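Student: Provided below for reference: sequence and predicted model.
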Amino acid sequence: MLKSFCVSGYRSIRDKISIDLKTKKYQKIKNTRYECSYFDNSLSKIAVFFGKNATGKTNIIEALMDLCGIIKKGTDFKEVAKNLNYKSDKISFMIELCSDKDSYIYEIVFNEEKILKESFKENNTTIYCFEKDKLDYKNNELADVKPTSTTFLEILKNTSEKRILNFLKLIYEFYYPQYADLITNVPRQDNFLRNFSKFDKNTFENNKDIVLEVLSFVDDSISGFEFKDNGNEKFTLTLKRCEELDEKSDEVDFAFENESKGVIKIIILLSGIINAYKNGGVCIFDELDSSISVSSLIYFINGFINVDENKAQFIFTSHNVLIFDRNILHPNQIFIIKKEDLGTKVSCLNDFELRNDKKKAYLNYLRGDYE
């Protein structure tokens, strides 16, 4: 699970910004309407970024995923350094994750030429720290290593450092569809055919009740689905809807390709969402609510994310101010993204003095009270 994330020097993010999913010390969750929207370890199940166009919402999402790529591959830091903010001389990332038993903090600072700082902690104990060209690590064999093309984390993957491997398992639980434009702009053409994988097919068929529950948020007429085998472990999908004929309920087939963009988008995302929902993970979406109605999004938040059965965290950007509502989200789960002096700034709604009678905070937001 994600506890916090910090970034600076990346694209429009010049100064350090922090996203914290932990509850505050004074924040009461038990026996409140927000109890189901937090895990037992006081981590939020949801975080939503609101902001005008070009404020940097997507940059925050992509900074987090670029850091995940560096952690997974090690060699990506020079490629990511191409995103250096025009007024910055370095990019800085920090991520804090936790499992049921342990917590981990990884930090890396770099420019286009080299790593300036890199450190890794488990349960607040430093495992290694590289800074000012010196490595502090118990293994003397790495004492003279000065990484220029990869990270120390990548080097240590091949050692017996179980702590690092456990940290990597958490990183591989991040789910982020990187081609959202292909999801929301599926062409409606007779020759268009989307193939689903065997993994998708098995996930849908083994979790039919969950699939139909989520689809009901966007279209409650969907009563079933069926996959057709096209060979080479590729499948096409048909949705079924009920139609009343002669006092009997019959199911009518509808090709997936002819569905609305909202239904198409949810279906394409659903395998990853269900896997995280059941097993734990972090689902990250840029504009999850595009092509999805307000009521559908609220049903999804209240009926799927903020429930005891959900083991996943959901982080997404939104332009839909109608979910900027303290009856739906705790103020600590709402992040306001704005731009000052060409730089992205982040504020948490919880940082503002809020009157208890101001439940519909979106009205204040639209007035610019949180700018």
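Tutor: Nice, thanks for sending it over.
Student: from here on, just use CA atoms for contacts and neighbour counts.
Tutor: Noted.
Student: against residue 64, how distant is the most centrally placed residue in the chain?
Tutor: Taking CA atoms, centre = their mean, the centroid of the chain lies closest to residue 284, which sits 1.8 Å from it. Computed as CA to CA, to the nearest Å, the residue 284 to residue 64 distance reads 9 Å.
Student: with residue 199 instead?
Tutor: Residue 199 is 26 Å from residue 64, by CA to CA.
Student: element containing residue 112?
Tutor: For residue 112, there is no host helix or strand (DSSP states H and E).
Student: repeat for the one 4 residues further on
Tutor: Taking DSSP H and E as the criterion, residue 116 maps to strand 115-122.
Student: quick one on the thing from earlier: the more surrounded of residue 199 and residue 64?
Tutor: Ranked by neighbour count (other CA atoms under 10 Å), residue 199 and residue 64 place residue 64 first, with 19 against 12.
Student: give me the nearest residue to the more buried one, chain neighbours excluded.
Tutor: Closest residue to residue 64 apart from its sequence neighbours, by CA to CA, 6 or more residues apart in numbering: residue 5 at 7.5 Å.
Student: quick check, that neighbour in a helix?
Tutor: No: looking at residue 5 with DSSP: H, G, I helix; E, B strand; the rest coil, it is strand, so not inside a helix.
Student: that one contacts residue 16, doesn't it?
Tutor: No: in this structure residue 5 lies outside contact range of residue 16 using CA atoms under 8 Å: 10.3 Å.
Student: ok, the two, which is more surrounded?
Tutor: Higher neighbour count among residue 5 and residue 16: residue 5, with 22 against 16, using other CA under 10 Å.
Student: now do the contacts for that one.
Tutor: The neighbourhood of residue 5, defined by CA atoms under 8 Å, 6 or more residues apart in numbering, consists of 18, 19, 20, 64, 93, 94, 95, 96.
Student: residue ranges with poor pLDDT in the stretch 101-250 of the chain?
Tutor: Scanning the stretch 101-250 of the chain for pLDDT under 70 picks out 139-148, 160, 178-193, 244-249.
Student: now the helices for it?
Tutor: 152-156, 162-171, 180-184, 198-206, 208-218 (DSSP state H, counting those that start in this stretch).
Student: select, out of the ones you listed, the one closest to residue 296.
Tutor: When the helices of the stretch 101-250 of the chain are compared by CA to CA, helix 208-218 sits nearest residue 296, at 4.9 Å.
Student: now do the closest one: which elements does it pack against?
Tutor: Using 3 or more CA pairs under 8 Å, 6 or more residues apart in numbering; DSSP states H and E, the elements in contact with helix 208-218 are strand 222-229, helix 261-279, helix 294-300.
Student: next SSE downstream of the longest one?
Tutor: Spelled out, it's helix 261-279. strand 281-285.
Student: how about the shortest one?
Tutor: With elements assigned by DSSP H and E, the helix or strand that comes after helix 294-300 is strand 312-318.
Student: redo the helices of the stretch 101-250 of the chain as TSV? Include distance to residue 102.
Tutor: Below are the helices of the stretch 101-250 of the chain laid out as TSV (distance: least, CA to CA, whole Å):
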stretch	distance to residue 102
helix 152-156	18
helix 162-171	9
helix 180-184	33
helix 198-206	29
helix 208-218	30
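Student: among those, which is nearest residue 226?
Tutor: When the helices of the stretch 101-250 of the chain are ranked by proximity to residue 226, the top entry is helix 198-206, at 8.7 Å, counting by CA to CA.
Student: tell me how far the closest one lies from the chain's centre.
Tutor: Offset of helix 198-206 from its chain centre (CA atoms, centre = their mean, to the nearest Å): 22 Å.
Student: now do that helix: which elements does it pack against?
Tutor: Helices and strands touching helix 198-206, by 3+ CA pairs under 8 Å, 6+ apart, are strand 234-245, helix 261-279.
Student: closest one to residue 216 among these?
Tutor: Closest to residue 216 of these is helix 261-279 (CA to CA; 9.7 Å).
Student: and for the closest one, what's in contact with it?
Tutor: 173, 175, 177, 183-186, 199-200, 203-204, 210-211, 215, 218-219, 256-257, 282-283, 290-292, 309-312.
Student: of those, grab the buried ones for PyMOL.
Tutor: Listed next is the PyMOL selection for buried residues among those, using 16 or more other CA atoms under 10 Å:
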select buried, resi 173+175+183+184+186+200+203+204+210+211+215+218+219+256+257+282+283+290+291+292+310+311+312
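Student: what about residue 197, distance to residue 231?
Tutor: Distance, residue 197 to residue 231, by CA to CA: 11 Å.
Student: more neighbours, the two?
Tutor: The neighbour comparison of residue 197 against residue 231 (other CA under 10 Å) goes to residue 197, with 15 against 7.
Student: burial check on the closest residue to the more buried one other than its chain neighbours, number of neighbours?
Tutor: Once flanking residues are discounted, residue 197 sits nearest to residue 234: 5.3 Å by CA to CA, 6+ apart. Residue 234 has 17 neighbours, counted by other CA under 10 Å.
Student: wait, doesn't residue 234 sit right on residue 201?
Tutor: No: in this structure, residue 234 is not within contact of residue 201 by CA under 8 Å, at 9.1 Å.
Student: now do the contacts for residue 126.
Tutor: By CA under 8 Å, 6+ apart, the residues touching residue 126 are 119, 120.
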